[in-house]
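*Asks:* need a 3D model of the sequence below.
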Amino acid sequence: MLKNAKVATRLPAKDLDRARAFYSEKLGLEPVEQREGGLRYVCAAGEFAIFVSAGTQSGTHTQMGWEVEDIEATVRELRTRGVAFEDYDLPSLKTVDGIAEIAGNYPSKGTGERGAWFRDSEGNLLGIGQPVRA
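*Replies:* Numbers count the residues shown, from 1 in each chain. Next comes the predicted model:
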């Protein structure tokens, strides 16, 4: 049943206009549809919606991510648009110039992954990943 269903992410926002401006100006994304209290976006292989919520975003884990071909170029481009990347210096995760080298990956995806994280205007933690292939 769900195996054949399309997956779509939902991200909460306190201020939908502010979120729309962030996704447009910083990420270059425009909604394909809107309704009262929500915006729907479509990317190459998935979709997500931003909805008005009175709840509090934890921002303590990656809530949505994109897989890219060239993480350095993507990070560089997003920085020119004003996106601030998170810096981590933990025993299990360290970023250098905003990008972390992550050991291990799902076998079909490669031997590792490179990742970078940033927050949207609403405090949602978003990620960018690039599989490392041997």
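
*Asks:* give the contact list for the closest residue to residue 112 other than its chain neighbours.
*Replies:* Using CB to CB, 6 or more residues apart in numbering and skipping residues adjacent in sequence, the residue nearest residue 112 is residue 132, 3.9 Å away. For glycine as for every other residue, the C-beta is placed from the backbone atoms N, C-alpha and C. Under the criterion of CB atoms under 8 Å, 6 or more residues apart in numbering, the neighbours of residue 132 are 101, 105, 110-114.

*Asks:* so which of those residues are in strands?
*Replies:* Counting by DSSP state E, the part of the contacts of residue 132 found in strands is 101, 112-114.

*Asks:* want to throw those residues into CSV with pLDDT?
*Replies:* Putting the ones in strands among the contacts of residue 132 into CSV (pLDDT from 0 to 100) gives the following:
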residue, pLDDT
101, 92
112, 87
113, 93
114, 95
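
*Asks:* if you rank the residues you listed by neighbours, which is first?
*Replies:* The member of these that has the most neighbours, counting by other CB atoms under 10 Å, is residue 113 with 20 neighbours.

*Asks:* that one against residue 105, yeah?
*Replies:* Yes. Look at residue 113 against residue 105 with CB atoms under 8 Å: they come within range, at 5.0 Å.

*Asks:* quick one: the residue nearest to residue 112 and residue 92, what's the gap?
*Replies:* The gap separating residue 132 from residue 92 is 17 Å, by CB to CB, to the nearest Å.

*Asks:* residue 50 and residue 132, how far apart?
*Replies:* For residue 50, the distance to residue 132 equals 31 Å [CB to CB].
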